[in-house]
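# coords please:
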Amino acid sequence: MLHTKIVDSKKEKILTSNAEKFIKDSKFGASIYFLGTVRNTNDNKVVTGITYDSHDEMVIKSFKEIYNEADQKLDINDKAVFIEHVKGKLKLGEISIIIAVACKHRDQAYILSRFIIEEIKKRSPIWKKEHYDNEDSAWLKGNPITNKSSSKV
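Sure, this is the predicted structure:
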């Protein structure tokens, strides 16, 4: 069971309640929620906000591939996964990504959640531009997108 979405920050926000509704099922005994939020400093610079941009179609494709790879690499077949990432400008403290997972057991949920966020950071075409207190801004250097067959757990 998978839900993926790019959320336009001009129109809506990521809501943890949506994730909770999606993954809630009595067959699962463990749920994990990972929230990525905008923090106030990076590399000794005062951050005032972040703008995210993405290649939406490829991001959704990468989310689906990561979900499917979890079956093979982690042997966690019975799961619910909810992934949403923002596109647009966010203020400090706002949620940029949510990954909610539900599995039968807690160790599976922790492993799956960590696998998903690490793979998204490596493979999904999402870019971020930090805005600083001196009104400067900079696109951050990301990871080159790797071929799925070369990525490791």
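
# Once you drop chain neighbours, what's closest to the residue minimising distance to the centre of the chain?
Taking CA atoms, centre = their mean, the centroid of the chain lies closest to residue 97, which sits 4.3 Å from it. Closest residue in space to residue 97, ignoring its immediate chain neighbours: residue 36 at 4.0 Å, by CB to CB, 6 or more residues apart in numbering. Every residue, glycine included, has its C-beta placed from N, CA and C.

# And for residue 4?
residue 63 (4.2 Å).

# who's in contact with residue 10?
The contact partners of residue 10, taken as CB atoms under 8 Å, 6 or more residues apart in numbering, are residue 88.

# ok, back up a step: point me to the helix or strand that includes the residue nearest to residue 97.
Taking DSSP states H and E as the criterion, residue 36 maps to strand 30-37.

# Give the buried residues for that strand.
30-33, 36 (16 or more other CB atoms under 10 Å).

# can I assume residue 86 sits in a helix?
No. Counting by DSSP: H, G, I helix; E, B strand; the rest coil, residue 86 is not part of a helix but strand.

# quick one: furthest residue from the center of this structure?
Relative to the chain centroid, the chain (CA atoms, centre = their mean) has residue 134 farthest, 28.6 Å.

# Contacts made by the helix or strand of the chain with the lowest mean pLDDT with the rest, please.
Least confident helix or strand of the chain, by mean pLDDT, DSSP states H and E, is strand 137-139 with a mean of 84. Here strand 137-139 makes contact (CB under 8 Å, 6+ apart) with 51, 127-132.

# now the strands for this structure?
Residue ranges of the strands in the chain, as given by DSSP state E, are 2-8, 30-37, 41-42, 45-54, 79-91, 95-103, 126-132, 137-139.

# nearest to residue 114, of those strands?
With CB to CB, the closest approach to residue 114 among the strands of the chain belongs to strand 30-37: 8.4 Å.

# That closest one pairs with which strands?
Using DSSP bridges, strand 30-37 pairs in its sheet with strand 95-103 (antiparallel).

# can you list contacts of the strand it pairs with?
13-14, 16, 19-20, 22-25, 28-38, 50, 52, 76, 78-86, 90, 109, 112-113, 116-117, 120, 128.

# thinking again about what came up before, gap between the residue nearest to residue 97 and residue 134?
Distance of residue 36 to residue 134, given as CB to CB, to the nearest Å: 25 Å.

# Check residue 16 too.
33 Å.
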